[in-house]
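In: what follows is a predicted structure for the sequence shown.
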Amino acid sequence: MQKDRIRWNEKYKNKETSCSEVSGIVRQFYSSAAKGRALDIAAGTGTNSLFLAEQGFSVDAVDISDIALKRFAGKHPKLYPICADLDTFDIPGNRYSLIINIRFLNRRLFPYIREGLVPGGILIFETYLEGPGQDYCQSSCRDYLLRGNELLHSFLSLKILFYQETKEASRNENEFHIASLAAMKC
Ligand SMILES: C[S@@+](CC[C@H](N)C(=O)[O-])C[C@H]1O[C@@H](n2cnc3c(N)ncnc32)[C@H](O)[C@@H]1O
């Protein structure tokens, strides 16, 4: 959506908006996947994508923000930034040995994610969850939050390797809830 591009480009114009650390769940489970093609859904400034490229994956890094993608374009020969709107982007079927989706939610993609994995392929998915602290959140904001157990139920056709729902503290000490899943397509 055009308004997502404008909103996120505004954030990324601020040089401080980036994720400097590789996601813990990516570090924990990436090696369960055979080396091959990986897809990073909503890659942002590419920290996880670059990590995976360095581990030997060919990484398609999709995001709507051209400013975020420019931050890591050219940093690795196996890293392919793709500027696209995930509201309409189609994940090719039977293509990826690893798909990661970190701190982003678009439910439309769920069936494409399942189809996009090759047999034996690994999904690593972690994002925000509805929680008691989010009562201020309007319904539009809730579209970006998982319900309890929703992530688990959405990928039950895969073999679940790991699932948890936890509470974490952010940098400004607010609490937020996240759901984390690692699963394999059999
Ligand atoms: C919270 S950031 C997460 C970035 C990265 N996955 C990480 O964990 O560091 C969410 C990302 O989703 C991207 N995004 C938001 N709406 C999008 C859309 N409709 N299509 C593609 N990317 C989108 C934003 O540009 C932003 O980079």
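Out: Looks like it arrived, so ask away. Residues are numbered from 1 along each chain as shown.
In: next SSE after the helix or strand of the chain with the lowest mean pLDDT?
Out: Here the helix or strand of the chain ranked lowest by mean pLDDT, DSSP states H and E is helix 139-142, holding a mean of 63. Per DSSP states H and E, helix 139-142 leads on to helix 150-154 as the next helix or strand towards the C-terminus.
In: name the residues of that next one that are buried.
Out: 150-152, 154 (16 or more other C-beta atoms under 10 Å). Yep, even glycine has a C-beta here, placed from its N, CA and C like the rest.
In: got a list of contacts for it?
Out: The contact list for helix 150-154, computed with C-beta atoms under 8 Å, 6 or more residues apart in numbering, reads 107, 110, 125, 127, 160, 163, 179, 181.
In: now the residues you listed: which count as buried?
Out: The buried subset of these - by 16+ other C-beta under 10 Å - is 110, 125, 127, 179, 181.
In: mind listing the residues bridging to the second one?
Out: With DSSP bridges as the criterion, the beta-bridge partners of Phe125 are Asn101, Leu181.
In: make 554 the first number, not 1, from now on.
Out: Yes, from this point I'll number from 554; that puts the last item at Phe678.
In: quickly note the distance from it to the ligand.
Out: Using C-beta to the nearest ligand atom, to the nearest Å, Phe678 is found at 11 Å from the ligand.
In: just the strands in the protein please.
Out: Ranges of strands in the chain, per DSSP state E, are 590-594, 611-616, 632-636, 649-655, 670-682, 712-722, 728-737.
In: including mean pLDDT, could the ones you listed go into JSON lines?
Out: Shown next, in JSON lines, are those (pLDDT from 0 to 100):
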{"stretch": "strand 590-594", "mean pLDDT": "98"}
{"stretch": "strand 611-616", "mean pLDDT": "98"}
{"stretch": "strand 632-636", "mean pLDDT": "98"}
{"stretch": "strand 649-655", "mean pLDDT": "99"}
{"stretch": "strand 670-682", "mean pLDDT": "98"}
{"stretch": "strand 712-722", "mean pLDDT": "95"}
{"stretch": "strand 728-737", "mean pLDDT": "96"}
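In: nearest approach to Thr570 belongs to which of these?
Out: Smallest distance to Thr570 across the strands of the chain (C-beta to C-beta): 12.7 Å, for strand 611-616.
In: ok, and what's touching that closest one?
Out: Contacts of strand 611-616 (C-beta under 8 Å, 6+ apart): 561, 589-597, 599, 602, 605-606, 622, 625, 631-637, 639, 642, 649.
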